[in-house]
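K.L.:
for reference, the sequence and a predicted model appear below.
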Amino acid sequence: MTTSRRLLSRLRGQPVTLAALAFLALLAVVAVAAPLLAPYEQDRTDFDALLQGPSGEHWLGTDDLGRDTFSRILHGARVALLVAVGSVTVSMLIGVPLGLLLGYRGGWSDRIGSRFLDIADALPGMLLGFAVIAILGRGLGNLMLAIGLIFCGSFARMTRAVTLAEREKLYVDAARVGGLRTSAILFRQVLPNLAGPLAVQAAIFLGSAIMVESALSFLGLGLDTSQASWGGMLGAASEDQATQPFLPFPPGVAIVLTVLAFNLVGDGISAAFAGGAVRPARGRARRRRTRPAVAPLTTAPPTTAPQAAAFPAGPPPPAPPAAAFPAASLPAAIPSPAIPSPAIPSPAILEPGGVLELRDVTVALDSGVPLVRDVSISLRRGEVLGLLGESGSGKSMTARAALGLLPPGISLAAGSIRFEGRELAGLSEKELRGIRGNGIAVVFQDPLAALSPVHTVGKQMCDVIRTHFRVSAAQARTKAASLLERVGVEDPERRLGDHPHQFSGGMAQRVAIAMALATEPRVLIADEATSALDVTTQSQVLDLLLDLRDSLDMTILIITHDLGVVAESCDRVVVMYAGEVVEVAGTSVLFDRPRHPYTAALLAANPSADGKADRLPTIPGRVPPAGEWPSGCHFANRCSFAVPQCSTGAVPLDEDVRCVRATELVLGR
Amino acid sequence: MTLLEISDLSISYSSGFIKRRRFDAVDAVSFDVAAGETLGLVGESGSGKSTTGRAILKLLTPDAGTIRFDGRDITTMGLEYRRAVQAIFQDPAASLNPRQVAGDAVLAPLRRHGLDRPRERAAEAFEQVGLSAGHMSRYPAELSGGQQQRVAIARALALGPRLVVCDEAVSALDLSTQSQIINLLADLRASTGVSFLFIAHDLGIVRHLSDRIAVMLAGRLIEIGPAEALFEHPRHPYTRSLLAATPAAHPSEREEHRVRRAAYRPLHRGAPIRRGEAGCPFRARCGRVMEVCSTETPPVHDVGDGQHVACHLYSEAFSSLNRRRI
């Protein structure tokens, strides 16, 4: 579906906007057909019927010259629309190219031009209108020009602002590399991307133009009085209001309704565009340098800061716990009506002694579309477990479900999550917070998003420490300094006084880890925690994690898309594909003898720094997005070993591998 | 035959309105790219590798130094340069105009350069990158990440360029898509003879695709050489620490990697990388630092086998002392 069609379908869902559009369409018809519709000519005077009220002959009465108000309102619509459309066209023709040029050129011309726009903005618009009409005289064209000049500054400013943002985008660079002319880049590449904001602005200014036109006509600066205009009628009405109090009502109501309609349409378009942020191509891979899909909570009020800081990425957790977890807190799988569970449970990876155990976890959108299906993972004490998957595999959603940090609109549809034997599914947000506070800690990809930018690192760490332990401020500070030293930040005492932005990427991630350690958690979840770091920094942070595991006896779950990170640091690996666990194995075993064709293909496709092959084996096609999963094995349509049996029904996870041919296939390098 | 020749390229950014601060993004960098060659340009974030690429694409103007293409200064070249040098960027979604169908993205430059049969050429380019003609009428949002990057590649190749600058062209793609695109680039290089400047942070991909590799640090080019030689015998202490930091390809190599990493681990992790001043940028972290490293900028030494390194350890005065230990 194209953008414009999507937009139209969204507009169709807004009854108020539709009503406003219908009103404006009616107005346009009236304006065009005014001479045919009007019962009288607009300037036909009838001195026998001066200043009359509404009657059968004159529906809306007559004015001081005995002219029919209804006919003049109809003709006035013509002037109103003509002036509105004309003046907005004039202001766009001047303002948009000016804004495009200023925004695209940047530098000094932009600075000077913007200051001029600011000065122009400081002048009252009406005054500008007076001046233009005083110099050029009255008349339709001059009126359009006068009103157009009032608005052109706003168009220029808005166009400039959006252009400034657009010109930094890669598609503009690509167009320049392609040799396109500046004018072609501005008008064919950048301008279409401005269509949305410009349409909103234009709709609102069409309404404003009618107001300005009315005001100017009211003051006698608009059109000749022989030409009916709503503002002019209002002006005339003010003189005879004492004799005929009904006079100002017809033009007044016409002005109010029309301006309101334009503003409503503007709001409607704006809302339709705002809804356009979600694109259909889900799972589009943006890997390095991107934040997690859910923006972490960066600042929190002091009372909640400790928890927010300890669990850096806390997106607003689903407020009513019942929405996040079905009320029942039975450890056994909560039945889900929408998603069928395979009959065979997966005992192979469920074992006693697991610190954190996920059993048959299904995470779904509120619409019922599953994002993660029947995932069972057992985290053993003291191990480093890798959760490996491409984007769209559901690995991060699984971790968020374990933490009770699912974003709004996504919830745990079925399954059980046990931490040290205690069922977490169904716990209240407050209880969960307690567990997240000192049982499980998280480190996310973007350390700066996890730290509040306005407080020093020392204050944030001390807040966390003092919420969890009864210690004095001085003791907390000493502990914070020792934590920083523990994660390898040099000169920790001094750096406690630094703000997060004063740390480099690798150091900031160390600070985020120190913060996570402040509550002495037993489990640390690292969600793509090294993906945005340079290789040297990444290896240092991985070494740090392993070191922490050894010295603090911590259990670590590393969520990653990077085979190198797995090879480097994990004891065992859980491989996920399209919302399902496809294989679980010890890291060495997995690399030597993968049992699932997807794992084998992934390993083969990885270009390594240790050798050079002529061609890389590839996996055809792409990961199916949630909602488009095949009925049988999710990987079947990309698998070179697929047989008809793969697509007949759900494939259970059997002996740690989800493949119907697992026993017969011999995979690996 | 040398296609692209860069000598003493320097680029700095200024910031601050009253108190101007200068940031040397690229500092006297020289290297060349031969016709048909793929040169990998690696370095960590902030090393200046992308800035160098943007200067070659004429997306920014250098402060000093020259870039010659086919022996001619590129500042004297007009539209012909735009046709000869093309780019593939990191983020395929951002490098395509969201309001333009894929076919138009390829057609617009073809029309601009006045090439005959633009439609057929665009269709051929789509076929060349493994897309069908049906993809030409799709908007970027309707394509997957891999397909978007294929469109970007088609756009670059349709003009028949002689050099393509790939700035992290596969880093944003999923592993299974990444290998498809890497193979596609390798195939296109074989079939068209185009040169690539392959800018990336991922050493595995760079090694896989490149004939030679250049390493940048803090705006300086510190080592350049044939891919295999550079990986087998890295000379600069920084290159060694960079290679040692690369994750193991197999868990069995984990211990070996850890030992190597410990040996080459830069001293004083937090110590600043020196930028825009005399001396070696790596000196504060280098385990082999000498007095001269903070006073004189290391000159480039030819260490044989086509390898060149900017490090005082390889200068005549120290080589007799150090050669054996290096």
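P.N.:
Done, it's in. Numbering: from 1, shown residues only, chains lettered A, B, ... in the order given.

K.L.:
where do the strands sit along chain B?
P.N.:
B:2-15, B:21-34, B:38-42, B:64-69, B:72-73, B:85-88, B:163-167, B:195-200, B:212-217, B:220-226, B:300-304, B:307-310 (DSSP state E).

K.L.:
please, which helix or strand holds the residue lying closest to A:T89 once chain neighbours are set aside?
P.N.:
With CB to CB, 6 or more residues apart in numbering or on different chains as the criterion, A:T89 has its nearest non-adjacent residue at 7.4 Å, and that residue is A:G148. Heads up, the C-betas are built off the backbone N, CA and C, glycines and all. Assigned by DSSP states H and E, A:G148 belongs to helix A:140-166.

K.L.:
what's downstream of that helix, the next helix or strand?
P.N.:
Next along the chain after helix A:140-166, taking DSSP H and E as the criterion, comes helix A:170-177.

K.L.:
summarise which helices and strands that next one is packed against.
P.N.:
strand B:85-88, helix B:102-112 (3 or more CB pairs under 8 Å, 6 or more residues apart in numbering or on different chains; DSSP states H and E).

K.L.:
give me the distance between the helix or strand harbouring A:G252 and the centre of its chain.
P.N.:
Secondary-structure element containing A:G252, defined by DSSP H and E: helix A:249-274. Here helix A:249-274 shows a centroid-to-chain-centroid distance of 27 Å under the convention CA atoms, centre = their mean, to the nearest Å.

K.L.:
same for it, what does it pack against?
P.N.:
Partner elements for helix A:249-274 (3+ CB pairs under 8 Å, 6+ apart): helix A:3-12, helix A:15-32, helix A:69-105, helix A:191-218, helix A:230-240.

K.L.:
format those as JSON lines; extra columns: mean neighbour count, mean pLDDT and distance to A:L412.
P.N.:
Below are the helices and strands packed on helix A:249-274 laid out as JSON lines (neighbours: other CB atoms under 10 Å in any protein chain shown; pLDDT from 0 to 100; distance: least, CB to CB, whole Å):
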{"stretch": "helix A:3-12", "mean neighbour count": "14", "mean pLDDT": "76", "distance to A:L412": "30"}
{"stretch": "helix A:15-32", "mean neighbour count": "15", "mean pLDDT": "92", "distance to A:L412": "35"}
{"stretch": "helix A:69-105", "mean neighbour count": "23", "mean pLDDT": "91", "distance to A:L412": "46"}
{"stretch": "helix A:191-218", "mean neighbour count": "22", "mean pLDDT": "88", "distance to A:L412": "36"}
{"stretch": "helix A:230-240", "mean neighbour count": "21", "mean pLDDT": "86", "distance to A:L412": "59"}
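
K.L.:
out of the ones you listed, which gets nearest to B:S241?
P.N.:
helix A:69-105 (42.3 Å; CB to CB).

K.L.:
the inter-axis angle of that closest one versus helix A:15-32?
P.N.:
Compare the direction of helix A:69-105 with that of helix A:15-32 by axes from the mean of the first three to the mean of the last three CA atoms, to 10 degrees and you get 120 degrees.

K.L.:
what pLDDT does A:D267 get?
P.N.:
At A:D267, the pLDDT value in this model is 88.

K.L.:
oh, that last question was meant for B:T239, not what I typed.
P.N.:
91.

K.L.:
ok, back up a step: quick one: buried residues of the helix holding A:G148?
P.N.:
By neighbour count on 16 or more other CB atoms under 10 Å in any protein chain shown, the buried set for helix A:140-166 is A:140, A:142-163, A:166.

K.L.:
before we move on, the earlier item: tell me which of the strands of chain B sits nearest to A:A174.
P.N.:
strand B:85-88 (6.7 Å).

K.L.:
for the closest one, name the packing helices and strands.
P.N.:
Counting by 3+ CB pairs under 8 Å, 6+ apart, strand B:85-88 packs on helix A:170-177, helix B:145-158, strand B:163-167.

K.L.:
quick one: residues in contact with that strand.
P.N.:
A:173-174, A:177-178, B:53, B:56-58, B:69, B:95, B:149, B:152-153, B:155-157, B:159, B:161-167, B:169 (CB atoms under 8 Å, 6 or more residues apart in numbering or on different chains).

K.L.:
over to stretch A:658-668?
P.N.:
So stretch A:658-668 is contacted by A:580-583, A:592-597, A:599-600, A:603, A:633, A:641, A:643, A:645-646, A:651-652, A:654-655 (CB under 8 Å, 6+ apart).
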